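J.: After the sequence you'll find the predicted model.
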Amino acid sequence: MGGEDLRALLTSLTPEEEQLLYDAACEVRRSVYGTDVYLRGLIEFSSYCRNNCLYCGLRRGNEKCQRYRLSREEILECADKGYELGFRTIVLQSGEDPWYTDAWICSVVSQIKERHPDTAVTLSIGEKGRESYQAYYDAGADRYLLRHETINAEHYKLLHPEEMSRENRIRCLYDLKEIGYQVGCGIMVGSPYQTVQHIVQDLLFMKEFRPQMIGIGPFIPHKDTPFGNRNRGTLQDTLHLLAITRLLLPDVLLPATTALGTIDPGGREKGILAGANVVMPNLSPAAVREKYMLYDGKICTGDEAAECRRCLERRISSVGFQVVVSRGDWAGKETI
Ligand code: 5AD
Ligand code: SF4
Ligand code: FES
């Protein structure tokens, strides 16, 4: 599929064609992953961030954001609880928080792997140097999530302050891939200034980069950010892009995101029916959840890990799929 075909798919479908698109995406996903849906247990371990992305509630300029850091013991406790609940992937996510040294991150990663050798550890802690990425990998980290947010340089500048660059973000992604991580990139749907042309460019970039995972969720404004009065991304646009992404990259791991569940009560189920095959319930201690507010209205902030796990299991089976106790590795094959 080239740029023109993608543009047509993004802009000119009748409701009947839209349904055909979802059905085709589901069929492709079924042929690779059956009806299995993979679980990732998310531990949001620090709400401090040195960056100032214009869209995000954790940006350093947001003085109202309540900041916290989890200790090593707290993180390990969450990981143990996750293991008991059947998670075989733990995602450690935070703002870009220099308080945690590379050595600290490496030791937590290796301790989780020691306690639970059959569990994959995913990091989502932002832009770092190649040596840092290599060190985490050597300590046992398997995967890394770093959304590229937009591949278009002008659009990137409109979403981020001067000191951040698209070039460094892309450099990170290629370093991660070369080191051997399973890598996730991704974008928000309906972010301020986003055009159809940008999305076409993102799709072409992802086709070329061939990430193992792609995070796609709607942009949702946060009241204490410069984009507080902007419109959110829509359910339909997000589902539409999930389906196209599944068709473009049949074996990609594609989460039905928390943001999708936030803009629509059945958003994640609908995401699965549009081609997604991963869900990422929250494993963070209930006491800190409200403080990790990337956007307004984030769901699951009042619930314990076990509740989220059960709730998602029910939601996934209600649409004919089952969550599985498995690392849920990428099913594709490297072509290079
Ligand atoms: N709405 C939706 N997603 C957001 N993120 C950050 N802020 C928002 C927002 N306001 C996403 C970004 C980031 C990921 C951790 O969360 O894409 O990469
Ligand atoms: Fe920090 Fe990530 Fe939020 Fe940007 S999106 S401000 S890097 S937590
Ligand atoms: Fe968290 Fe439903 S998934 S409470």
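T.: Structure received. Ligands and ions are numbered 1, 2, ... in the order given.

J.: Spatially central residue (nearest the centroid) of the protein, please.
T.: Most central in the chain under C-alpha atoms, centre = their mean is G215, positioned 3.9 Å from the mean C-alpha point.

J.: Bridged to that residue, which residues?
T.: G186 (DSSP bridges).

J.: dump the residue contacts of it.
T.: Neighbouring residues of G215 by C-beta atoms under 8 Å, 6 or more residues apart in numbering: 145, 147, 184-187, 255, 257. Every C-beta, even on glycine, is put in place using the N, C-alpha and C of the backbone.

J.: can you redo those residues as TSV with neighbour count and distance to ligand 3?
T.: Shown next, in TSV, are these (neighbours: other C-beta atoms under 10 Å; distance: C-beta to the nearest ligand atom, whole Å):
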residue	neighbour count	distance to ligand 3
L145	26	19
R147	17	21
G184	27	20
C185	27	24
G186	22	20
I187	27	23
P255	27	13
T257	25	12
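
J.: Those: which two are farthest apart?
T.: The most widely separated members of those are C185 and T257, with 13.9 Å between them, by C-beta to C-beta.

J.: roughly how far apart are T262 and R171?
T.: Distance of T262 to R171, computed by C-beta to C-beta, to the nearest Å: 31 Å.

J.: Settle it for me: which of the two has more neighbours?
T.: T262 (21 against 14; other C-beta atoms under 10 Å).

J.: if I pick that one, what's in contact with it?
T.: 220, 295, 297-299.

J.: Now the phi/psi pair for it, please.
T.: Dihedral angles of T262 (phi, psi; degrees, to the nearest 10) stand at phi -80, psi -40.

J.: Now do it, the pLDDT please.
T.: What the model reports as pLDDT for T262 is 98.

J.: next one: S107
T.: pLDDT, S107: 98.

J.: Spit out the contact partners of the residue lying closest to Y292 once chain neighbours are set aside.
T.: Leaving aside its sequence neighbours, Y292 sits nearest to E44 (C-beta to C-beta, 6 or more residues apart in numbering; 4.1 Å). Shown in contact with E44 (C-beta under 8 Å, 6+ apart): 93-94, 282, 284, 288-289, 292.

J.: again, but for D80
T.: By C-beta under 8 Å, 6+ apart, the neighbours of D80 are 115-116.

J.: name the element it belongs to?
T.: Using DSSP states H and E, D80 sits within helix 72-84.

J.: Which residue lies closest in space to W104, excluding its sequence neighbours?
T.: R72 (7.7 Å).

J.: Also G57?
T.: H222 (3.8 Å).

J.: Surely that neighbour and G61 touch.
T.: No. Counting by C-beta atoms under 8 Å, H222 does not reach G61; the two are 11.6 Å apart.

J.: got the CA positions of the host helix or strand of the residue nearest to Y292 in PDB?
T.: Per DSSP H and E: E44 is located in strand 41-46. C-alpha atoms of strand 41-46 as PDB (Å, rounded to 0.1, in the frame of the first residue of the first chain):
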ATOM      1  CA  GLY A  41       1.000  -5.300  33.700                       C
ATOM      2  CA  LEU A  42       1.900  -1.600  33.800                       C
ATOM      3  CA  ILE A  43       3.800  -0.200  36.800                       C
ATOM      4  CA  GLU A  44       4.000   3.600  36.700                       C
ATOM      5  CA  PHE A  45       6.900   4.000  39.000                       C
ATOM      6  CA  SER A  46       7.600   7.700  38.800                       C
END
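
J.: how far out from the middle of the chain is that strand?
T.: Computed by C-alpha atoms, centre = their mean, to the nearest Å, the chain-centroid distance of strand 41-46 equals 12 Å.

J.: same question, stretch 254-262
T.: Distance of stretch 254-262 from the chain centroid (C-alpha atoms, centre = their mean) equals 8 Å.

J.: Can you see whether it contacts ligand 2, counting any residue in it?
T.: No. Counting by C-beta under 6 Å from any ligand atom, no contacts exist between stretch 254-262 and ligand 2, the nearest distance being 12.2 Å.

J.: Endpoints of that stretch, how far apart?
T.: For stretch 254-262, the first-to-last residue distance is 17 Å (C-alpha to C-alpha, to the nearest Å).
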